[in-house]
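Undergrad: structure here, sequence nowhere to be found:
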C-alpha cells in the first residue's frame, strides 16, 4: 500500500519545502512533492499539518535508555532501548559498548544479534574501548583497559557486525589497528586519548577519519601542539561526533565548531546511558555509580560526566537555537553525515530511492511520529 504524508514542511539536506508531501511505496520514498503540485493517489494519507518531516535520525554513539544498558546483555533491554529511541526520532542506532572483558562484550553482541527488529534499525555496534588511554578513562572502567588487538575485534565482528571502534591513537599498535580496521570495513575512531597531533596523524595516514565525542576526553587545542581538537578542526575530511547537551560542550564551542567545520562533517550523538528517558535518580554505567540530575549524568564519586541523558531531537533543538543555521543545513548533522561516515547506503535523505525512515517533529521539536521503512513505529 502507498502512504502519502501531506501538508508538512519537508526538510532534507539542501531541501526545505514550506508545504510538501512525501510518497512512500514498499518501504522506500517514491517521490517528494511541493505544495503546488498535484498529489499522487495513495491508500493511506497522513495529515502532517504543522509538522516538519525530516530524515530519521541516526545515533552512532548510544549506550542505553529506559534504565537499560546494551552491556546488560538483556534481550528485553535491547528491545526497550531500540523502541525508546524511536521516541526521539532515531531510526538507525549503533549500540555502543564499554571497556569490559571480551567475554562480556561477546555476550552483549550475542544479545544484539537476537534483536527482533521491532524498534529502530541496528546495523552494527560501536566498540568504545577497550583500547583507550587509562589516564583518559572518564567514566570507563580502567581495570579493563588493554592494548589494541585486531584479533579481538575480528572475533567480536564474527558475532555481530562491528561498524566502528573508538580507541586511543597514541596506544602501542594503534596505527596498525587503524589499517586493519579499514581493511575489515570498520570505521576507526579516536577518543579517551592523550594523543598529540603527530600521534593522531600516524593513524590518519592509515585511514582514521573519525573522532568520537569530540572535545571530551581528548587533547585540547594548544598553540604548541594542536592535539586532537585541533586535528578535528584542521583536517577537512575528519568526521566529528558532538554531544550537544550544552554540558559536554558549551554553546560558544558548539557555535565555533559548526562555523569552522560545517554540518557536513558533524554527527550529532546522544552518548546516552541508561538514565536517558528516566527520572532523576541513581543509576550505573559500566558498574560505576552515577547520579542523574537536572539533565546531567555524573559519576557519584568525583562528579565526572558519565555519558548523557540527551535525546537527539533535543540536540537538534539546541544546535538550531545556538547556531541559527538553516534547518536544511543542520539536518546533515542528524543523519546524512552519520550515513557517510559509516558507509550506510540509502539513509539520511528524503529523496526518491532512499529508505522511508522519517521523523515528524512539531514546532516545539517534539517527535509526533517516527517511520522505519515506511511503517509507523512510534506515534505520540
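TA: It's in. If you're wondering where the values come from, they're calculated on a predicted model, not measured in any experiment.
Undergrad: list the contacts for the closest residue to residue 139 other than its chain neighbours?
TA: Among residues not flanking residue 139 along the chain, residue 306 sits closest, at 3.7 Å (Cβ to Cβ, 6 or more residues apart in numbering). For the C-beta atoms, the positions are set from N, CA and C on the backbone; glycine is no exception. Contacts for residue 306 (Cβ atoms under 8 Å, 6 or more residues apart in numbering) come out as 138-139, 273, 285, 288, 290, 297-299.
Undergrad: run the last query once more with 10 Å
TA: Counting by Cβ atoms under 10 Å, 6 or more residues apart in numbering, residue 306 makes contact with 63, 138-140, 271, 273, 275, 283-286, 288-292, 296-300.
Undergrad: now intersect those residues with the strands, please.
TA: Filtering the contacts of residue 306 for membership in strands, criterion DSSP state E, returns 283-285, 288-292, 296-299.
Undergrad: nearest to residue 126 among those residues?
TA: Of all the ones in strands among the contacts of residue 306, residue 126 sits closest to residue 285, with 15.4 Å by Cβ to Cβ.
Undergrad: how close does the residue nearest to residue 139 sit to residue 141?
TA: Going from residue 306 to residue 141 by Cβ to Cβ, to the nearest Å gives 11 Å.
Undergrad: residue 69 against residue 139, yeah?
TA: No. Residue 69 is not in contact with residue 139 according to Cβ atoms under 10 Å; the separation is 11.9 Å.
Undergrad: got any residues that touch both of the two?
TA: In contact with both residue 69 and residue 139: 63, 98, 273, 285-286, 307, using Cβ under 10 Å, 6+ apart.
Undergrad: who wins on neighbours among those residues?
TA: residue 307 (33 neighbours; other Cβ atoms under 10 Å).
Undergrad: would you agree it is in contact with residue 70?
TA: No. Checked against Cβ under 10 Å, the pair residue 307 and residue 70 is beyond contact range at 11.8 Å.
Undergrad: which neighbours do these two have in common?
TA: 62-64, 96, 98, 274.
Undergrad: let me know the closest of those residues to residue 77.
TA: Nearest member of the shared contacts of residue 307 and residue 70 to residue 77, counting by Cβ to Cβ, is residue 64, at 7.5 Å.
Undergrad: residues near that closest one, how many?
TA: 29.
Undergrad: now residue 212
TA: Residue 212: 29 neighbours (other Cβ under 10 Å).
Undergrad: can you pull out the helices in this protein?
TA: Using DSSP state H, the helices of the chain run over 75-84, 102-113, 150-159, 174-184, 197-204, 227-234, 251-261, 312-323, 327-330, 336-342.
Undergrad: if you count neighbours, what's buried in the last one?
TA: Buried residues in helix 336-342, counting neighbours by 16 or more other Cβ atoms under 10 Å, are found at 336-339, 341-342.
Undergrad: how about the first one?
TA: Taking 16+ other Cβ under 10 Å as the basis for neighbour counts, the residues of helix 75-84 that come out buried are 77-84.
Undergrad: am I right that residue 364 is in contact with residue 317?
TA: Yes. In this structure, residue 364 is within contact of residue 317 by Cβ under 10 Å, at 8.4 Å.
Undergrad: between the two, who's got more neighbours?
TA: Between residue 364 and residue 317, residue 317 has the larger neighbour count (other Cβ under 10 Å), namely 16 against 7.
Undergrad: which residues touch the more buried one?
TA: 244, 311, 361, 364-366.
Undergrad: 6 Å - rerun?
TA: Going by Cβ atoms under 6 Å, 6 or more residues apart in numbering, residue 317 touches residue 365.
Undergrad: roughly how far does it sit from residue 81?
TA: For residue 317, the distance to residue 81 - Cβ to Cβ - is 22 Å.
Undergrad: so what's the residue count around residue 58?
TA: Residue 58 has 29 neighbouring residues, counting by other Cβ under 10 Å.
Undergrad: partners of it in the sheet?
TA: residue 92 (DSSP bridges).
Undergrad: distance of it from residue 68?
TA: Noted for residue 58: a distance of 20 Å to residue 68, by Cβ to Cβ.
Undergrad: do you know how far the nearest residue to residue 189 once chain neighbours are set aside is from residue 59?
TA: In space, and not counting its chain neighbours, residue 189 is closest to residue 210: 3.8 Å by Cβ to Cβ, 6+ apart. Distance of residue 210 to residue 59, computed by Cβ to Cβ: 15 Å.
Undergrad: neighbour-wise, which of the two wins?
TA: Taking residue 210 and residue 59 together and counting by other Cβ under 10 Å, residue 59 has the greater number of neighbours (32 against 24).
Undergrad: you'd agree residue 337 is up against residue 267?
TA: Yes. Counting by Cβ atoms under 6 Å, residue 337 does reach residue 267; the two are 4.9 Å apart.
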